[in-house]
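Q: The following block contains a protein sequence and its predicted model.
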Amino acid sequence: MSSTIQPLEFNGNWELSPSLESTDHLSLKNQYGLFINGNFVKPLSKKFFPTINPSNESTIAMIAEAEEKDVNLAVKSARVAYDGHWSKMPNKERAKYIYRIARMIQEKSKELSVIETLDGGKPIRESRDIDIPLAAAHFFYYAGWADKLKYAFPIANPKPVGVAGQIIPWNFPLMMAAWKIAPALATGNTLVLKPAESTSLTALKLAEIIQEADLPPGVVNIITGPGTTGNLMVNHRKIDKIAFTGSTAVGKSIMKNIAGSNKKSTMELGGKAANIVFEDAPLDQAVEGVINGIYFNQGHVCCAGSRLFIQESIYDLFIRKLKDRMQSLILGNPLDKNTDIGAINSHNQLRSINKYIDIGKKEGAEIFQLNCEIPSKGYWCAPTLFTNVSQSHAIAREEIFGPVLAVQTFRTTNEVINKANNTPYGLSAGVWTDKGSKVFNLTSKLNAGVVWANTYNKFDPTSPFGGYKESGHGREGGLHGLEAYLNLS
Amino acid sequence: MIKEFNNIKVDKVGIEDRINRITKRSLKRESKLKGLEMILSMIDLTTLEGMDTVKKVEQLCYKATHLHNQFPNLPSVAAVCVYPNMVRIASNSLKESDVLVASVATAFPSGNATLQIKINDTKEAIENGANEVDMVISRGKFHSGEYNYVFDEIAAIKDVCGENSRLKVILETGELGDYDHIRMASEIAINAGADFIKTSTGKISPAATLPITLVMLEAIKDHYYSTGKMVGMKPAGGISNAKLALQYLILVKETLGNLWLDKHWFRFGASSLANDVLMQIAKQKTGFYQSNNYFSKD
Amino acid sequence: MSERIKVLKTYKIFIDGKFPRTESGRYYQLKSKDIPYANVCLSSKKDLRNAVVAARKAFLPWAEKTAYNRSQILYRIAEMLESRKTQFIDELTIQGFSKKDASKELDQSIDRIIYFAGWADKINQVFGAVNPVASSHYNFTLFEPMGVIGVLSSDESPLLGLVSSIIPVIVSGNSCVVIASEKYPLSSISFAEVISNSDVPSGVINILTGTKKELASPISSHMDINALGLFSQKIDKQIFINATENLKRISSFNDIQIYSDDFDSPYIIKKFMESKTTWHPVEVDFTKTNNY
């Protein structure tokens, strides 16, 4: 490839004007209580904290902080609902409640998308096309399982576990709530769910939907608060199962807390996925997959393809294509329908990402960033790519949870398998090649719970998701996702 | 030579995913108006009917030079595209304007004729005043694996065109079967000397589509990466409304960048697109939704 | 003031999403205590032929929809039916059902639609398999729809029988041509109206009224029908013989099964599916294979 050729130019000349999604139709309260036993109640703690729009740092609403007495109340109401009726209700009737929730999410999808974007900073395109539709689809799919469990686990006499405590992260707030709540309800459990501190709003809107769907009180309880609230749930004696999605560090501490108890658990934790591009891959689509793999949701994705492995023979061409494609990414107001890269979820997270970018530079990696205007308010990080990275670099080993890609090269299949597996994580991986036999070879050798071939970051309610090694245990989604909420004999 | 082509594979699902994203771009206000004006300047206003007459071609040429009268400062279309026997009429009608004359040639639309006939066809079009030649490739030969034949034929026609007449090579993608074939035919045409690659004759369905155009734009990009030479792109057929044409522009912008956002490197082959673009421009300028009755049909 | 004259409903057949009259122009009359209350189309062989053409055309697009999408469309039928409950109950009582039985027939029908709708995206998860073949191949088996299914609906169960003979058949992606109950045809046509208002693509479900005596023979011998679902009691042996011409798959059910809760089973769906197995090589580590 000649280096004298003028680079392609993607900015200037003709720019897309902002196309903002309207916020007129939102019904948001100034203050949200806890959703316990079918009602929104004031926290006994009497404490509230603000939830912030990370794209402009303004306060959207005040959220209740649940302390010990509140948690006890929520767990008690879940317990009573479980023993009283929910676990005994005919399966097909339970199904109909879950279908109702699915339909109402679909009906309110626009409002939910906008709130998700306001509260979390993700582009409206993603909340509109991915988060909210997938949340509805999850309820729809698991509703169907409620009266079919005997076919999922023949002769195993599937029985609900009891009361589930569910703690979810801030990267896909409503979708994660759906991943947790839908299978728990379908299998006959009741639950207490705690959304992440920085993104409680859509979970609270979901509580309103659950109210509207006339779900019996106490079946779903949604309480809000910081990590300490989560801790109270983890240690609560009357909770039979903990479902956690979040960082590996917190996951480990939860496992320590429940070690030796009878609590069941599923942990969906961090990752450092390898995205592997072979020389025979459909290159332009691979570029697209790499972009989608790491910059989707600002890289706040546990399965993000944060380590890119390019076969050496196509390295120059591929990097060139990748950088050119990055130029047409649009960073800015998450409510703009044209935005590809929204705001970083919180100030803390931004600090952590920037720390890694500094480390990357200090370690001698070569940095390339999207040249774009950064808004003056809010938390932002331009899409970043590091080349000249080796396995021992911190940016290639540690989960950054931001839009930062570490690029390495390889020569042979065995080499890349070894490199890809050389990590404590094992959530996901990507493989790009035109050859099916190579795909299946890699899928069998890669230690990861999900392997995408010639695609990346695809999710579906029917498809199990979860990791190997320190990426956690248990699976969510699909038939396998039911098992975490059942006792089988 | 065969090995040289088709080194890069195309994944159908991936291409369509990408298009799905492009079509979700939203255009408002200034960027929309600017886009519409750009589209207008890129149109090859086309009539390619068995029933074309001198009058019809004259009317079309009149339209090409006056269609923007309603609003000051609108660009004219890029070219008028006709059959070789109408080139003289068109070039006479357009000689006062900067609208170019494009002629289809090489036994359009089937391309089933001997090379000599195709060469003569092309020569005649150029002698009669065609600035641009739109040739069709031999799809039969392509499907029988005679890639060298397809290559040589394009090269021979380009020889006839010389430096002064730009050659657009029509792949007739609707007959090529799949994206890998379209990619390969694009590479053959580009390497054989095409100044433009063009999707379709407009006589076969499907004609131009966004995914097909993306595959061809990627071939153009890879050629640019390796040689620094720019090749133009012309989707033709089936692009009849402004909204769709704007999506094509965004696709070009995000695949090849600014350099290609110019009538010298990007064209639309269309007959009814111009009216819709004018209607949308009117909508942008007046704020009212428009009716067909206020725009002349030719 | 004179009494308002009621507008009476014309009951027509359902082909390709439209409601034509039978091309034959014939009808038969339904009476209650000797008073006629409806004229019902007596469909002909030609109507059947048209219905099969429509079903064939609809088959692939329907089968190629995502299972999730099919599931939602079927669920929508249940929603529409729930909202028209009173109309159906009235029709059943005209046809001689008690209010209580009619109401139960409705509830069971709606719940059954929802039950089977949920299987669309689960059937292959329960019955599909990855087969551990003893070679370097990845091998898996999936279930696919058969094509166009000819259905002879229950004679005795006007709505539950109809629903039970249609939903399990189409949930996997088949299209169907249904011969409705001769005795209770009204619910069939009203159900067709529900279908036509619930996003089910035209031609996926076609419903003909008439006599099984006349229509069973052409439906069983039609070469473009892939399988038969016999939910009717009185099936002549000749029907089974006709079906062998193109080896139609045949599944039979009786009314006792239809009214039982055990009918809620994925095995009903599976009777109208074929299994397909795919082999694909898996690359073996090249350093381990050159020791010939």
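A: Noted; the coordinates are in hand. The structure displayed is predicted, hence computed values, not measured ones.
Q: what does the stretch 151-292 of chain C put close to chain B?
A: For the stretch 151-292 of chain C, the contact set with chain B under CB under 8 Å from any CB of the partner chain is empty. To be clear about C-beta, it is placed using only N, CA and C from the backbone, and glycine gets the same treatment.
Q: pretty sure A:N421 is touching A:Y468, no?
A: No - using CB atoms under 8 Å, A:N421 makes no contact with A:Y468, being 9.4 Å away.
Q: Now for the two: what residues contact both?
A: A:N447 (CB atoms under 8 Å, 6 or more residues apart in numbering or on different chains).
Q: what about the residue of the stretch 51-200 of chain C found nearest chain A, neighbour count?
A: In the stretch 51-200 of chain C, the residue that lies nearest chain A is C:G118 (2.5 Å; CB to the nearest CB). Around C:G118 there are 27 other residues, counting by other CB atoms under 10 Å in any protein chain shown.
Q: Make sure B:K123 is indeed in a helix.
A: Yes - counting by DSSP: H, G, I helix; E, B strand; the rest coil, one finds B:K123 located in a helix.
Q: What pLDDT is listed against it?
A: If you check B:K123, the pLDDT there is 96.
Q: now do A:S3
A: Among the per-residue scores, A:S3 shows a pLDDT of 57.
Q: Just the C-alphas of the lengthiest helix in chain B, formatted as CSV.
A: With secondary structure taken from DSSP state H, chain B has its longest helix at helix B:210-227. Provided in CSV are the C-alpha atoms of helix B:210-227 (Å, rounded to 0.1, in the frame of the first residue of the first chain):
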residue,chain,number,x,y,z
LEU,B,210,-28.2,0.4,-0.9
PRO,B,211,-26.5,-2.9,0.0
ILE,B,212,-25.3,-3.4,-3.6
THR,B,213,-24.1,0.2,-3.8
LEU,B,214,-22.1,-0.3,-0.6
VAL,B,215,-20.4,-3.4,-2.0
MET,B,216,-19.4,-1.4,-5.0
LEU,B,217,-18.3,1.6,-3.0
GLU,B,218,-16.0,-0.7,-0.9
ALA,B,219,-14.4,-2.0,-4.1
ILE,B,220,-13.8,1.6,-5.1
LYS,B,221,-12.3,2.3,-1.7
ASP,B,222,-9.9,-0.6,-1.8
HIS,B,223,-8.8,0.5,-5.3
TYR,B,224,-8.2,3.9,-4.0
TYR,B,225,-6.2,2.6,-1.0
SER,B,226,-3.9,0.6,-3.3
THR,B,227,-3.5,3.0,-6.2
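Q: Not counting residues beside it along the chain, what's closest to A:K92?
A: A:D147 (4.3 Å; CB to CB, 6 or more residues apart in numbering or on different chains).
Q: now the strands for the stretch 51-200 of chain C?
A: For the stretch 51-200 of chain C, the strands defined by DSSP state E, counting those that start in this stretch cover C:129-130, C:137-145, C:148-152, C:175-179.
Q: again but with the stretch 1-150 of chain A, I slipped
A: Counting by DSSP E, counting those that start in this stretch, the strands of the stretch 1-150 of chain A are A:31-32, A:34-36, A:39-41, A:48-53, A:58-64.
Q: and the first one, what other elements does it pack with?
A: Where contact means 3 or more CB pairs under 8 Å, 6 or more residues apart in numbering or on different chains; DSSP states H and E, strand A:31-32 is packed against strand A:58-64.
Q: for the residue in the stretch 101-250 of chain A positioned nearest to chain B, what are its contacts?
A: With CB to the nearest CB as the measure, A:R125 is the residue of the stretch 101-250 of chain A nearest to chain B, at 6.2 Å. Applying CB under 8 Å, 6+ apart, we find A:R125 in contact with A:337-340, B:24.
Q: ok, and the most crowded of those residues?
A: Result: A:T339 is most packed of the contacts of A:R125 (other CB under 10 Å), 26 neighbours.
Q: any idea how far the residue lying closest to that residue once chain neighbours are set aside lies from A:I319?
A: Nearest non-adjacent residue to A:T339, counting by CB to CB, 6+ apart: A:P123, 4.3 Å away. Distance, A:P123 to A:I319, using CB to CB, to the nearest Å: 25 Å.
Q: same check, this time on A:T443
A: In terms of CB to CB, A:T443 sits 26 Å off from A:I319.
Q: try A:G402
A: A:G402 is 20 Å from A:I319, by CB to CB.
Q: And those two? Which one has more around it.
A: Set A:G402 next to A:I319 and count neighbours by other CB under 10 Å: A:G402 wins out with 25 against 18.
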